[in-house]
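Engineer: Fold the following.
(chains A and B)
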Amino acid sequence: MITRIIVFASLITCGFLEPAEAEPVTHEQLGNGLDVVVIEDRRAPVVVHMVFYRVGAADEPPRQSGIAHFLEHLMFKGTNRLAPGEFSAVVEDNGGSDNAFTSWDYTGYFQRVASDRLELMMEMEADRMQNLRFTEAEWRPERGVILEERSEVLESRVGTQFYEALMAGLFKSHPYGVPILGWRHEMETLNGEMAMTFYEQHYGPNNATLVIAGDVDTDEALALAQAHYGGIAPNLDIAPVIRPTEPPHLAERRLIFEDRRVGMPYVNRIYLVPPRRAGDQSEGAALHMLGELLGGSATTSVLERELNFEERIALSAWAGYTGMMRDYGLFVLGVVPVDGVSLEEAEVGMDRVIADFLREGVDLEQFERVRRDIRASEIYALDDAEGRARQYGVGLSIGMGVDDITGWIDALEAVTPEDVIAAGKRLLDRRASITGFLTQSPTTEANE
Amino acid sequence: MKRWFAFFVLIAIPLRAEVNITPVATASGLEAWLVEESSIPFVSLELIFEGGAVLDNDMHAGATNLMTALLSEGAGEMDAQAFASRAEELTTRLRFEAGRDTITISARFLTEDAEAAIDLLRLALTEPLFDESAIQRVRERTLAQLRRDALNPNKIASQAFARAAFGHHPYGRESNGTPETVAALDRETLISAHRGAIARDRAFIGAAGDISAADLGQLLDRLFDGIPDTGSDLVGRAEFLSALGIEIIPFEGPQSVVAFGHAGIPRDAPDFMAAFVANSIFGSGRFGSRLMQSMRSERGLTYGIATYLFSGAFGDSHQGRLSADNGNVEVVMEILQEEWTQMAESGVTKEELQLAKTYLTGAYPLRFDGNSSIASIMASMQYQGFDIDYVNTRNDMITALTLDEVNAVAARLFDPESLFFVIVGQPDGLD
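Structural biologist: This next block holds a predicted model:
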């Protein structure tokens, strides 16, 4: 069955901002189950072509952490028709850029090209949706590359390593606690066969979302999508992955991460909270507003104002909600103390500010400024077709509908100051949190 | 294997960027480039002031950086809180950034709030408070960043490389200063840095979005009202020192950061474009570049490697960077030497040049894809001294390059004997 919904981004309903021209977003599902989203933006002769698979690092088999990301790399290593590396070479020959990304919930591939090259991108992307092929001569050096990637972007950056440890400590059972890149000792044992098996079990039109954004005519783009992707048979081996779930969290966790490379110590806390839910985003919206009020501005947010400007115990502080995840959301709080203030004192200050905020309520002037900013950000976001494409691709990959994405600003507008306080009181539960100190280890030679 | 997509490549002709640039001359004598685009009701404005951290004297290194960070920390009657609240009320986004050669200011505001946004930005540029409380707060933050940088292998490599390459010239110094110089910066120094940096004769202005040339002209005159005509003296050129060899800085970790390079080519050299294309083929960081092929795709030695032509306003260098496991650093250096020699002796092939031309000419129009990027390109083109017609002629210049031209400059630019290495880590087999 083909369903086609046209949604107009609901822009600016308030009197003080002029409405922007509504940009159509079209959603259609092909007969083989492929979701197709088209976003027109005709300002420049550029198009972004993205395919998101609804599978990620949280769907990996035991002992194969990192296989989703390894497969993402191997997707560039050829098909029945394309030689290793030829995919990217063709994109480059056409002046485009291409890349890919792996998350816990999805794996995405994208190209940015002149709009008259869209069909070529579709042809190649549809090809590797069904005909991936590589040999040991490709996967073995590529395993070296992902290990170097882990060394460079994770193990050489102490803040990222700290975050990996926090996530592993927060999740008791669900695989969001396993790093997307994988644990090194398991990555070292990955091979091409495992990657191919993962591909065969999860890749196919019935587990994917295609997003086309930019200088295209919607009907033409849909026709091209049908022509290039419509003929791909659904992959009948795809079965929904059953992921482990979290048990009740009865005790907060604490973690001290010591490293000699720490030049700027800080405290970071992550709470386990609900994600944005398809169909009812009110709770996620309240958490988002809570994050904006507490940490959305480097100057005027509650944590910065109190800890940095008033008490002068923080160099900076942050708060924020991550809700675009399939199973659980995260709410993060943190403080970098000034020289001479301990992490313990910084944490006490942070908790005092949060408690005061939840007791005294929202500053209504600040609330109104945040609301204005959210409305304006919807206009500014229209300048970024790639960012919008990603929103829809991610949203559909984690089980949301197009309505949930276009309706997000409305959901935020509906939040009242009372909702924010209620959400904070209900969901910032220390028992469902982990607090970490990133601190410099004593400068002895003890480790050598 | 059959290359079934080849026919698409053959029909790929150089695209032109579809941008109409309007030169704007204001009543007070300012010049700006505007790309008008009215479909979204906001404006992006980019100001580049030539003369960044190089303007600091050694004793006050970091003054320009701290001063620029303080521009958004209170102005006129408003303290930092009031200033930020006002920007939020107007939903205006202001970003102030000090670099080595420039101070860049990016503003984004809704068309209907344009005048109020410009008034706020004007206050920041002409009447910054530099009050003691803000100075102390931002200085503390800067000092903490310097402490963090001192333990960041990439930062350590960059600083060591610059110090060895450019010696006592400001290019040899860390733009953000040292803990000692930053701790000593006082209000008077910051006021003087501000007076020397924000001046009409240093400004390059780009704009894009929902605004007419006439309105932009009026806004700019309003913005620059009170900004002095001339800035303080710029510095002389930096020479890249030679015979530097290998510098190893011990640092604990699984990998070493390897920074390498030698003298570059001035951006106003007649064969700069040929050098740019040669470097693109060699080390652009794209999968198809020679170094990515040999280091990543074939051998899995690194996650990424790229080389750049750093052709600044006051000096140039040709540099590259990668991270590799400590055990692989020696082999990485050998391959680099070989690849460098190969470029110097044999240059690039006809096929490589053709592919690079197709890529570079095809990619160019894709840069102009939103108001913010367009405003930034408009300011940057003027700063770099390009003609207003450059967007239309740039691809033709690339297409016209011959193999001889590219290889002549490659033979001069790539000098394996002069390669200087800074290694931050614990590389095996080197000491």
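Engineer: burial of the residue in the stretch 101-250 of chain B that chain A sits nearest to, as a residue count?
Structural biologist: Among all residues of the stretch 101-250 of chain B, residue B:148 sits closest to chain A, at 3.6 Å; criterion: CB to the nearest CB. From N, CA and C alone the C-beta is placed, and that goes for glycine too. Residues near residue B:148, counting by other CB atoms under 10 Å in any protein chain shown, number 18.
Engineer: Then residue B:138?
Structural biologist: By other CB under 10 Å, 21 other residues sit near residue B:138.
Engineer: now the chain, which segments are flagged as low pLDDT?
Structural biologist: No chain was given, so I picked chain A. Residue ranges of chain A with pLDDT under 70: A:1-23, A:443-448.
Engineer: My question was about chain B, not that one.
Structural biologist: Using pLDDT under 70, chain B drops low at B:1-18, B:431.
Engineer: Outline the domain layout of it.
Structural biologist: Domain ranges of chain B: B:22-224, B:246-425, per automatic domain parsing.
Engineer: so which residue of chain B comes closest to chain A?
Structural biologist: Among the residues of chain B, residue B:362 lies nearest to chain A; the distance is 1.5 Å by CB to the nearest CB.
Engineer: Which strand or helix spans that residue?
Structural biologist: Taking DSSP states H and E as the definition, one finds residue B:362 inside helix B:350-363.
Engineer: Please name every helix or strand in contact with the next helix or strand after that helix.
Structural biologist: The element immediately downstream of helix B:350-363 (helix or strand, assigned by DSSP H and E) is helix B:371-383. Here helix B:371-383 touches strand B:31-36, strand B:42-50, strand B:102-110, strand B:203-209, going by 3 or more CB pairs under 8 Å, 6 or more residues apart in numbering or on different chains; DSSP states H and E.
Engineer: of all those strands, which lies closest to residue A:295?
Structural biologist: strand B:102-110 (21.3 Å; CB to CB).
Engineer: Return whichever helix or strand comes after the closest one as PDB; C-alpha atoms alone will do.
Structural biologist: Counting by DSSP H and E, the next helix or strand C-terminal to strand B:102-110 is helix B:114-126. Provided in PDB are the C-alpha atoms of helix B:114-126 (Å, rounded to 0.1, in the frame of the first residue of the first chain):
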ATOM      1  CA  ALA B 114      17.600  44.000  11.700                       C
ATOM      2  CA  GLU B 115      18.000  47.500  13.100                       C
ATOM      3  CA  ALA B 116      17.900  46.500  16.700                       C
ATOM      4  CA  ALA B 117      20.300  43.700  16.000                       C
ATOM      5  CA  ILE B 118      22.800  46.000  14.300                       C
ATOM      6  CA  ASP B 119      22.500  48.500  17.200                       C
ATOM      7  CA  LEU B 120      23.400  45.700  19.600                       C
ATOM      8  CA  LEU B 121      26.400  44.600  17.500                       C
ATOM      9  CA  ARG B 122      27.500  48.200  17.200                       C
ATOM     10  CA  LEU B 123      27.500  48.500  21.000                       C
ATOM     11  CA  ALA B 124      29.700  45.400  21.300                       C
ATOM     12  CA  LEU B 125      32.200  46.800  18.700                       C
ATOM     13  CA  THR B 126      32.300  50.400  19.800                       C
END
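Engineer: what's helix B:114-126 packed up against?
Structural biologist: Looks like helix B:114-126 contacts strand B:74-75, helix B:80-89, strand B:93-98, strand B:102-110, helix B:213-224 (3+ CB pairs under 8 Å, 6+ apart).
Engineer: now that helix against helix B:213-224, angle please.
Structural biologist: Relative orientation of helix B:114-126 and helix B:213-224, computed by axes from the mean of the first three to the mean of the last three CA atoms, to 10 degrees: 30 degrees.
Engineer: Which positions in the helix or strand following helix B:114-126 come out as buried?
Structural biologist: Heading C-terminal from helix B:114-126, the first helix or strand you meet, by DSSP H and E, is helix B:132-149. For helix B:132-149, burial by neighbour count (16 or more other CB atoms under 10 Å in any protein chain shown) applies to B:134-135, B:137-149.
Engineer: relative to helix B:80-89, how tilted is helix B:132-149?
Structural biologist: 80 degrees.
Engineer: So which elements touch helix B:132-149?
Structural biologist: On a contact count with 3+ CB pairs under 8 Å, 6+ apart, helix B:132-149 meets strand A:314-322, helix B:63-70, helix B:179-183, helix B:187-197.
Engineer: Fine by me, thanks again.
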